[in-house]
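Participant: sequence-free structure coming up:
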C-alpha cells in the first residue's frame, strides 16, 4: 500500500470517500469529486467500514476461474482479495443502477 493521500481536508482518500458517502453522495459523484474511479470509491468505502466477509454472504455465486485470474491485478492494486473485489463490483453496479447499461439491454 502507498502513502496516505490527504484529500479535501481529510487525512486519506478513504476517509474522504466515507465522509462524502455519509453526506449522501453516490459513488460516481464521489469519484468525480476526487478524480478516481467509482470502483476505487467502492473499495475504499468498504475498507473503512470494517465489513466482515460473512456480511456479504447470503448466496453463493460461482465465478469462472479465468475471470478471477483476470481480476487478480485489479484486486491487488486496491489491496483486496479477488473475491472481495467481485463482491464490491456487484455491489457498485447495483447501487449505481448500472446493470442495464453494462448488459446493454435496458
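Facilitator: Looks like it came in fine. Keep in mind that what you see is a predicted model, and the values were worked out from it rather than measured.
Participant: nearest residue to the middle of this structure?
Facilitator: Central residue of the chain (Cα atoms, centre = their mean): residue 42, 2.4 Å from the mean position.
Participant: surely it meets residue 26?
Facilitator: No. The pair residue 42 / residue 26 is not scored as a contact, 10.7 Å apart, by Cβ atoms under 8 Å. The way it works is simple: take the backbone N, C-alpha and C, and place the C-beta from them, glycine included.
Participant: shared neighbours of the two, which are they?
Facilitator: residue 95 (Cβ atoms under 8 Å, 6 or more residues apart in numbering).
Participant: against which helices or strands is the helix-or-strand element of the chain with minimal mean pLDDT packed?
Facilitator: Comparing every helix and strand of the chain by mean pLDDT, DSSP states H and E singles out helix 38-48 as the least confident one, with a mean of 83. When contacts are defined as 3 or more Cβ pairs under 8 Å, 6 or more residues apart in numbering; DSSP states H and E, helix 38-48 packs onto helix 13-22, helix 27-34, helix 82-95.
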